[in-house]
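> The sequence isn't on hand, but the structure is:
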């Protein structure tokens, strides 16, 4: 199959696992496990930021994006991670404008944790079911009256839009996205390679 291009947007104070988890999943996929070392992933995974310089993620990790908002090629899948930096990005017109544009173009639109708040403030969750980190569920409910906030689900799928609970839930979200594009067998094989349990249950994993 032709490679799908996955863009993961990053910004200062982005949560590390929010973007690294999905990056690992999409990168680890193989259509033929017997040719894992010979074949590439069916997904090309790119990190995208507003500017070309280093991004300082949570804990001080320094990350260099592959592309900027202006140089990013056409995407098939967009991943919007969360983290404390979302609070600042909610007031960043460049971020919200870019998300509006790219969200309208992609085949699959996804978020991890409070990345869903960015999608909400960009107007891309209106009328949908969605979720976020458990600490931000009420914030989502109060901010977006037209969004049906799911308190009990780990990953929420509504049409082409997938939103997930916090941090590690991005791995499960990415596996579900892989299943959509490549089939569940391929997604399960990727999870097995990662020694990660495939998400058989979609119940939120912590008590609220």
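Cool, got the structure. What you see is a predicted model; the values in this text were computed from it and never measured.
> Going along the chain, name the strands of this structure.
Counting by DSSP state E, one finds strands in the chain at the ranges 4-9, 43-49, 55-56, 62-63, 67-68, 77-80, 108-111, 129-130, 148-149, 155-158, 161-164.
> which one of these lies closest to residue 206?
strand 161-164 (13.1 Å; C-beta to C-beta). C-betas here are computed from N, CA, C, even on glycine.
> Need the contact partners of that closest one.
In this structure, residues lying in contact with strand 161-164 by C-beta atoms under 8 Å, 6 or more residues apart in numbering are 108-113, 115-116, 119, 124-125, 128, 130-132, 154-156, 170, 172-173, 176-177.
> show me what contacts the most centrally placed residue in the chain?
Per C-alpha atoms, centre = their mean, the C-alpha nearest to the average position across the chain is that of residue 79, at 3.2 Å. If you count contacts by C-beta under 8 Å, 6+ apart, residue 79 has them with 6, 7, 8, 9, 19, 22, 110, 111, 112, 115, 170, 174.
> repeat that for 7 Å
Counting by C-beta atoms under 7 Å, 6 or more residues apart in numbering, residue 79 makes contact with 6, 7, 8, 22, 110, 112.
> what's the neighbour count on residue 51?
For residue 51, the neighbour count with other C-beta atoms under 10 Å is 12.
> tell me the mean pLDDT for stretch 201-208?
The predicted model assigns stretch 201-208 a mean pLDDT of 92.
> okay, how far is it across that stretch, tip to tip?
Start and end residues of stretch 201-208 are separated by 17 Å (C-alpha to C-alpha, to the nearest Å).
> List the buried residues in that stretch.
Neighbour counts using 16 or more other C-beta atoms under 10 Å place residue 204 of stretch 201-208 among the buried residues.
> neighbouring contacts of that stretch?
Under the contact criterion C-beta under 7 Å, 6+ apart, stretch 201-208 has outside partners 134, 151, 152, 153, 154, 155, 165.
> How about residue 111, nearest residue that isn't a chain neighbour?
When the adjacent residues along the chain are set aside, residue 111 lies closest to residue 80, with 4.3 Å between them (C-beta to C-beta, 6 or more residues apart in numbering).
> how about that neighbour, what does it touch?
By C-beta under 7 Å, 6+ apart, the neighbours of residue 80 are 9, 99, 111, 115, 118, 119.
> Just put those in a markdown table and tack on distance to residue 140 and pLDDT.
Supplementary listing: those in a markdown table, determined by distance: C-beta to C-beta, whole Å; pLDDT from 0 to 100:
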| residue | distance to residue 140 | pLDDT |
| --- | --- | --- |
| 9 | 19 | 98 |
| 99 | 16 | 98 |
| 111 | 11 | 98 |
| 115 | 11 | 98 |
| 118 | 11 | 98 |
| 119 | 10 | 98 |
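> Mind checking which of those residues are buried?
With neighbours counted by 16+ other C-beta under 10 Å, the contacts of residue 80 contain buried members at 9, 99, 111, 115, 118, 119.
> Show me where the chain has its helices.
16-28, 86-89, 93-105, 115-121, 137-143, 169-182, 184-193 (DSSP state H).
> how close does residue 55 sit to residue 28?
Computed as C-beta to C-beta, to the nearest Å, the residue 55 to residue 28 distance reads 23 Å.
> do the same with residue 39
The span separating residue 39 from residue 28 equals 12 Å under the rule C-beta to C-beta.
> Fine, thanks again, bye for now.
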